[in-house]
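**Q** Let me see the structure of the following:
(chains A and B)
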Amino acid sequence: MNVLGDRVLELGPAPGADSPYKNFKLTRDADGVAWLLFDREGTSANTLSADLIEELDKVLAELESQRPTGLVIRSAKKSGFIAGADVNAFRGATDVGAVELEIGRAHAVINRLEELRIPTVAVIHGFCLGGGLEVALACQMRIAIEDARFGFPEVMLGLHPGLGGTARFTQLVNPMQSMPLMLTGKTIDARKAKSLGLVDAVTQERHVRNAVKDAVSGRLKRARPRMFNTIFGFGSVRGLIASRMRREAAKAAPEEHYPAPYALIDLWEKHGGDRLAMLRAEQPSFAKLMVTPTAQNLIRVFFLREQMKKLAGSGNKIEHVHVIGAGAMGGDIAAWCAGQDLRVTLADMKPEPIASAIKRAADLYGKILRKRTAVRDALDRLMPDMQAEGVRNADLIIEAVPEKLELKQKVYAGLEPKMKPGAILATNTSSIPLQDLRTTLEKPERLLGLHFFNPVSRLQLVEVVSHDGTDPQLLKEALVFVGAIDRLPLPVKSSPGFLVNRALTPYMLEAMVMLDEKIDKTVIDAAAKKFGMPMGPIELADQVGLDICLDVGDMLRSKFGDMLPPTPAWLREKVAKGELGRKTGKGFYTWKDGKADTGGMSAISEPSAEMIDRLILPMSNVCVACLREGIVDNADVVDGAVIFGTGYAPFRGGPLNYARTRGVENVVSTLETLTDKFGGRFTPDAGWETFK
Amino acid sequence: MARPVFIVDGSRTPFLKARSGPGPFTPVDLAVQCGRPLLARQPFAPDAFDQVILGCVNVIADEMNPARVAALRLGMGEKMVAFTVQINCGSGMQSIDTAYRYIREGVSDLILAGGAEALSHAPLVWPQHGVRWFAGLAGAKGVGAKIMAALKAKPSYFKPIIGLERGLTDPITELNMGQTAEVVGHLFGVTRAQSDAYAAESHRRLAKAQSEGWLKGEVETAFARDGKFYDHDDGVRPDSTPESLAKLRPVFERPWGKVTAGNSSQITDGASWVILASEEAVAKHGLTPKAAILDSQWSALDPGIMGLGPVLSATELLKRNELTLSDIETWELNEAFATQVLGCLAAWNDEKFCKEILGLDGAAGELDQTRLNVDGGAISLGHPVGCSGNRIVLHLVNAMKRLGTRRGIATECIGGGQGGAMLIETV
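**A** Model (predicted):
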């Protein structure tokens, strides 16, 4: 019933058109309760910026003088309460003092809200994150609408909360639960928020008026911090817990790469017993983090993501996706699309791969979808299709059959006569040029590449590959589709390995060469992790599939020759034996339940800096080459793609940003040294001369 | 003016034998599993239907009005009218009959009619006196009263009853369905050996149909979320012989009964859909009708001999359409029990019964068993009660198309003392 959509949000009395404020509307209801609506000018979601906070200060001054019987704060935006701080303000910060000054001013305004002498209630729907949650925490009461989600994502930007959240959240909610939420950046739903005591009530829009009435008049049953929380007032207790938290944090994010979690733990350990001191100490700690390279690079990554989202555009017209081939990639692509509300038919000749794809989908939905019915509906949308009935009705066909030219062409020949007009034919190929695939097509203009990465649910990038005859309209639709399924598109020209595999293959093959040099696999993986990769190249090869690595390696070597490390003969034998890595349970490591059994052992020796350079610098080298060749036209997007497509150490800001930070001259001379020692594959690309 | 009504397509899940505990699918899950591929292969969109009618006897608590739940889960749109029908073992045919009448009268043009049942999901039921005890306990005020109420408990209060067992017992005569088959067998002199031979043949016929691929296009593979898939009716035992079946003990009336687990229908889960269309819908969407429904009939009789239901309803159909037994080239007579099927055949051959009960001039005659249940039946496939009536119509159509026959009847006995029959003609 979209017709009645504008009646859904309960925003109190209708505001007049003559609001003196740019970003707020202030009304008064029959009970004398003031309704303050956050409605940031010119945006669809509320974010906090310095000017908005300044204006909030004026609103608070008005409220102090008018003394309403109570205050309701809520958002007038359908999208949610407040999505956090306006990250633009954080960009390029270098001056600790200036950051501290600004955050101090914001603190004063939030404190002013907290000190209002009337009952204050935040009514929260949708996203309530970071700074938004800090505003809510400064209210006396919080009422959540069922769809609300809460969290402190600051840590993903290399920061911790900075508007008083560290103090107010740990004081209100047991630190054993509130600290991990701030340390991981995870979000929680309204029910969880209620059980933690973060909100006082959970209700629906239709009861907001009555809930507010009860809250203002003191009839609302409040969530109170448990008595048990008082033990965290003892420094010795906090010390014990803090050291455990540090150990936990070190597993996911080493301090040398990610200082924020450790700064937060320090802050709480030192000041957790004294609210005022913690509020004060939070400010310099936040400012110090803000100017670290890690935070600035992660903020850059945040904007790279925004930039790539914009590449997608909007107005998706694809409702039905037909995926051919229910193997590891096809099955997971199909599952992802169905999880994103699309109708999906998953075709295969045999039921076995479809059945295991359905199981993987069910497992995935169990993790990412919160409601039992949502899991059921997603599985209902994912239809096994052994008769390929989906072809006729699909808006988009994604072919994910084995990497054999003739096989793919045969599949296309069967599809083309049945496809509906205007439908897109996409291939998930990672190694066959579109120029070769299109030769037998009746309508080559509707062929393009949609290259997903493994695991599909975790790597956000999709390379959208075009050849010189791709219909530009269909290419545009494909980009929009990628955005609509919550992935990030990278438009690339069809060229061997596109961008990501071309950059990644030297990394993995170099690791194979190192194995030949009798370097232990754990040391090789440790070298990459020391640089900041989430996974070493050996484990990654297992994860991707050694057969795929071999295919892509062979294909790239046939085009680029000795610019790639040689493929060892034993890799071919391993593949022939069916030791393909994760998907067969054995590769370099033994895999169980989707995890590599590294035996819990750490590397037997410390990796050398040269090892790291051998693995990492060729990636930067290839990225420069791709820019020079025009495979991708934007250096920032290259960084984003490698991060979102491979998990490349995000705090380094990407392979090009890393080279820039390290210094181009240094990178080139190091590559030259490696060339002398290990061979021509390290030869610096000509593109470095013009790269800035 | 009655309009012609066509069956244009249909599909079903494999029938899955209830083993230990609830099976992988609920009734609506089953309806979705076979409904999705059926809708996907149609040249029209799922929301083109006028309504959805589904037969289901054991509706589970999470799926009240399973027809509507299935329609929504099949993506047929929120405007899709859908209702559930229940006449016990005839529910799946009742849905077709209701759809047939809507279309014949010109109210609807395109209807999805099905049957779904997950007998393995039948609930455990607490004994009534146990439930009363619990209600007393919950209602007692004060600690003393609570203790007194609690002390009234007896062990038998906590012995759950398998709901299915009650469901398969006639509430009027208190006879279990198997016992009604014993009665019918007794009245018409059906022997244990005849029943076992019939049952063995049912398995042989189904196994043959499976290996010849005759069920392709009718049975759609079902995929469970645990990564298992089901592509055939798994109750089939091709190695069953009259001799092996003879070793089984009777289950309902020991020790002398004739009805055993081996010559009874199996307890299974399954769903089935049939698409019915008017001439207009056929023309509008460019459909190819497989068969037309010519007539249908429901009849009722003493619940204690419910197994004879098909004889009553099918004979009414024949009389009204001026046909004889031998005019019908292909028969689907639901195999609730071998003894009951053979009882029906014997009744048609029984002059007294035919004259007195059916109002015929003499015995209707011998029904040629090569025309009957040509690809096996509920004994080998199983009998998900609310689904079976739908399956026999669907399979009758498919079997007639394969055999090139023109006229067929699908009929079933119905617990509670009824029978349903449908006269079909291929086009």
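
**Q** Please report the number of neighbouring residues for A:Glu10.
**A** Using other CB atoms under 10 Å in any protein chain shown, A:Glu10 is surrounded by 20 other residues. Placement of C-beta: from N, CA and C, glycine included.

**Q** Apart from its neighbours in sequence, what residue is nearest it?
**A** A:Val208 (3.9 Å; CB to CB, 6 or more residues apart in numbering or on different chains).

**Q** from what I can see the one you found touches A:Ile124, true?
**A** No - with contact defined as CB atoms under 8 Å, A:Val208 does not count as touching A:Ile124 (10.5 Å).

**Q** Pull up the overlap in contacts between those two.
**A** A:Ile143, A:Ile145 (CB atoms under 8 Å, 6 or more residues apart in numbering or on different chains).

**Q** Give me the more crowded residue out of the two.
**A** Between A:Val208 and A:Ile124, counting by other CB under 10 Å, A:Ile124 is the more crowded of the two (31 against 21).

**Q** Next, count neighbours for the residue in the stretch 351-500 of chain A that chain B sits nearest to.
**A** In the stretch 351-500 of chain A, the residue found nearest to chain B is A:Lys359; the distance is 3.1 Å by CB to the nearest CB. Residues lying near A:Lys359 (other CB under 10 Å) number 19.

**Q** Which single residue in the stretch 201-350 of chain B comes nearest to chain A?
**A** Closest point on the stretch 201-350 of chain B to chain A, by CB to the nearest CB, is B:Gly227, at 3.1 Å.

**Q** just checking, that residue is part of a helix?
**A** No - under DSSP: H, G, I helix; E, B strand; the rest coil, B:Gly227 sits outside any helix and is assigned coil.

**Q** wait, it sits on A:Ile354?
**A** No - applying CB under 8 Å as the test, B:Gly227 and A:Ile354 come out as separate, 9.8 Å apart.

**Q** So for those two, which sits in the more crowded spot?
**A** Taking neighbours as other CB under 10 Å, B:Gly227 and A:Ile354 compare with A:Ile354 leading, 26 against 17.

**Q** Which of the helices or strands spans that one?
**A** A:Ile354 belongs to helix A:351-368 when assigned by DSSP states H and E.

**Q** Next, the buried residues of that helix.
**A** Applying a neighbour-count criterion of 16 or more other CB atoms under 10 Å in any protein chain shown, one finds A:351, A:353-362, A:364-365 buried in helix A:351-368.

**Q** any idea of the mean pLDDT for that helix?
**A** Regarding helix A:351-368, the rounded mean pLDDT is 97.

**Q** Can you name every helix or strand that the helix or strand following that helix contacts?
**A** Downstream of helix A:351-368, the first helix or strand assigned by DSSP H and E is helix A:372-381. Packing contacts for helix A:372-381, counted by 3 or more CB pairs under 8 Å, 6 or more residues apart in numbering or on different chains; DSSP states H and E, involve helix A:328-339, helix A:351-368, helix B:66-73.

**Q** Alpha carbons of the longest one, in PDB - could you do that?
**A** Presented in PDB, the C-alpha positions along helix A:351-368 are these (Å, rounded to 0.1, in the frame of the first residue of the first chain):
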ATOM      1  CA  PRO A 351      21.300 -32.100  -9.100                       C
ATOM      2  CA  GLU A 352      24.400 -32.700  -6.900                       C
ATOM      3  CA  PRO A 353      26.100 -29.300  -7.400                       C
ATOM      4  CA  ILE A 354      22.700 -27.500  -7.200                       C
ATOM      5  CA  ALA A 355      22.000 -29.300  -3.900                       C
ATOM      6  CA  SER A 356      25.300 -28.300  -2.400                       C
ATOM      7  CA  ALA A 357      24.800 -24.700  -3.600                       C
ATOM      8  CA  ILE A 358      21.400 -24.700  -1.900                       C
ATOM      9  CA  LYS A 359      23.100 -25.800   1.300                       C
ATOM     10  CA  ARG A 360      25.700 -23.100   1.100                       C
ATOM     11  CA  ALA A 361      23.000 -20.600   0.400                       C
ATOM     12  CA  ALA A 362      21.000 -21.700   3.500                       C
ATOM     13  CA  ASP A 363      24.100 -21.400   5.600                       C
ATOM     14  CA  LEU A 364      24.900 -18.000   4.300                       C
ATOM     15  CA  TYR A 365      21.300 -16.700   4.800                       C
ATOM     16  CA  GLY A 366      21.400 -18.100   8.300                       C
ATOM     17  CA  LYS A 367      24.300 -15.800   9.000                       C
ATOM     18  CA  ILE A 368      23.300 -12.700   7.100                       C
END
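
**Q** Now do it: which elements does it pack against?
**A** Helix A:351-368 packs on helix A:328-339, helix A:372-381, strand A:382-384, strand B:222-223, strand B:229-230, going by 3+ CB pairs under 8 Å, 6+ apart.

**Q** Could you rerun that using 6 Å?
**A** On a contact count with 3 or more CB pairs under 6 Å, 6 or more residues apart in numbering or on different chains; DSSP states H and E, helix A:351-368 meets helix A:328-339.

**Q** hmm, who's touching the helix or strand following the helix it packs on?
**A** Downstream of helix A:328-339, the next assigned helix or strand under DSSP H and E is strand A:343-347. Residues outside strand A:343-347 that contact it (CB atoms under 6 Å, 6 or more residues apart in numbering or on different chains): A:320-324, A:326, A:334, A:337-338, A:354, A:381-385, A:388, A:390.

**Q** how much distance is there from strand A:343-347 to the middle of the chain?
**A** Strand A:343-347 has its C-alpha centroid displaced from the chain centroid by 26 Å (CA atoms, centre = their mean, to the nearest Å).

**Q** quick one, it and helix A:351-368 angle?
**A** Counting by axes from the mean of the first three to the mean of the last three CA atoms, to 10 degrees, strand A:343-347 lies at 150 degrees to helix A:351-368.

**Q** Parallel or antiparallel, list what pairs with strand A:343-347.
**A** strand A:320-324 (parallel), strand A:382-384 (parallel) (DSSP bridges).

**Q** and of those strands, who's closest to A:Gly151?
**A** Among the strands paired with strand A:343-347, the nearest to A:Gly151 by CB to CB is strand A:382-384 (28.6 Å).

**Q** other SSEs contacting the next helix or strand after that closest one?
**A** As assigned by DSSP H and E, the chain's next helix or strand after strand A:382-384 is strand A:396-399. Here strand A:396-399 touches strand A:320-324, strand A:424-427, going by 3+ CB pairs under 6 Å, 6+ apart.

**Q** repeat that for 8 Å
**A** Contact partners of strand A:396-399 among helices and strands, from 3+ CB pairs under 8 Å, 6+ apart: strand A:320-324, helix A:405-415, strand A:424-427.

**Q** of all those, which gets the most neighbours per residue?
**A** Greatest average neighbour count among those goes to strand A:320-324 (a mean of 28), per mean count of other CB atoms under 10 Å in any protein chain shown.

**Q** Give me the angle between that one and helix A:328-339.
**A** Going by the same axes, to 10 degrees, strand A:320-324 is angled at 170 degrees with respect to helix A:328-339.

**Q** What average pLDDT does strand A:320-324 get?
**A** On average, strand A:320-324 scores 98.

**Q** got the CA positions of whatever helix or strand B:Leu54 lives in in CSV?
**A** Using DSSP H and E, B:Leu54 maps to strand B:51-55. Provided in CSV are the C-alpha atoms of strand B:51-55 (Å, rounded to 0.1, in the frame of the first residue of the first chain):
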residue,chain,number,x,y,z
GLN,B,51,-7.0,-18.2,-7.9
VAL,B,52,-5.2,-21.0,-6.1
ILE,B,53,-6.9,-23.9,-4.4
LEU,B,54,-5.0,-26.4,-2.4
GLY,B,55,-6.1,-29.6,-0.6
